[in-house]
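Q: Build me a model:
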Amino acid sequence: MNRTQIDVLANKWMEKQRKSNVVVLSGRLVVEAGQVSLQLDDGELVELNTNDCIEVLNGERFEPAPLSRILEKTDSAGWSLYAGLCASVIRRSRHPTANELLNTQKELNQMLSDGAKKRIQRAIAERVYAIAREGQDKEPYFQQLHRAVREKWNVESYHQIDQASVLEVINYIGSWRPEEGASMARPWMQELMWVKRNEQGVIIGYSETLPEGVDFIPTVPRNKKKEPSAKGSGSKQK
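A: The predicted structure is shown next:
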């Protein structure tokens with residue numbers, strides 16, 4: 001019997017065994033150091049116990065193979081006669097208790113809904129744009145406000161905030177102010193001077209903050225000497 005025929009036979013048997021309260025696993029038996037496991041097709045090893053209903057493929061049908069028999073039946077060298085054989089295992093699924101179902105429902109009720117996440121996102125964006133000046137980089141405000149929310153509610157992300165706390169979070173965001181003395185520039189911006197060049201590549205303007213013009217580019221570190229502008233270079237522009 002080839003592998004394809006074995007798979008077809010195993011699948012037919014498994015379909016008959018599938019019920020709402022059972023889990024059917026199939027693979028090959030592995031017996032080592034007094035422990036019986038089932039190696040699944042993806043290579044995962046599942047340890048078996050006496051509560052598992054184990055059946056081994058014998059010819060064209062499956063027959064019961066209790067765990068004790070698998071461990072007892074060995075060859076002259078002490079190796080299990082069942083090792084490597086195709087097997088299927090039925091595991092009874094345990095139904096959750098009433099308390100477990102209640103706790104699960106409570107956890108689901110506490111999870112932040114998609115609508116609540118969007119409300120928090122919108123509140124953060126509105127607050128940042130209300131505080132930041134025109135043309136000012138807003139990313140540092142976003143980072144500081146997100147960090148403030150995480151620290152106040154002791155979570156790794158605002159997604160972990162309880163549904164019941166959404167209104168409190170939004171009110172907090174609406175009254176939030178950035179820390180006094182905290183730098184509102186990105187680290188890489190603090191090291192650069194914003195410059196503007198003409199078509200010939202000559203610097204014609206500088207800015208310590210992010211300008212509104214899109215043609216300003218951060219190319220000159222602040223600790224470097226400024227290049228002479230076209231106006232003061234002494235050369236005439238055509």
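
Q: Kindly provide the distance from Glu168 to Pro140.
A: Taking CB to CB, to the nearest Å as the measure, Glu168 falls 25 Å from Pro140. C-betas here are computed from N, CA, C, even on glycine.

Q: Kindly report the same for Gln39.
A: Look at Gln39 and Pro140: by CB to CB, they are 53 Å apart.

Q: low pLDDT regions in this protein?
A: For the chain, the stretches with pLDDT under 70 are 1-22, 92-98, 100-101, 104-110, 180-198, 200-238.

Q: any idea which strand is longest in it?
A: strand 22-32 (DSSP state E).

Q: Tell me the first helix or strand C-terminal of that one.
A: Next helix or strand after strand 22-32 toward the C-terminus (DSSP states H and E): strand 35-39.

Q: other SSEs contacting that following strand?
A: When contacts are defined as 3 or more CB pairs under 8 Å, 6 or more residues apart in numbering; DSSP states H and E, strand 35-39 sits against strand 22-32, strand 45-47, helix 67-72.

Q: out of those, which comes closest to Glu55?
A: Each of the helices and strands packed on strand 35-39 has some distance to Glu55 by CB to CB; the shortest is strand 22-32, at 9.8 Å.

Q: Please work out the angle formed by the directions of the closest one and strand 35-39.
A: If you take axes from the mean of the first three to the mean of the last three CA atoms, to 10 degrees, strand 22-32 sits at 120 degrees to strand 35-39.

Q: Partner strands of strand 22-32, with direction?
A: Here strand 22-32 has these sheet partners by DSSP bridges: strand 35-39 (antiparallel), strand 86-92 (antiparallel).
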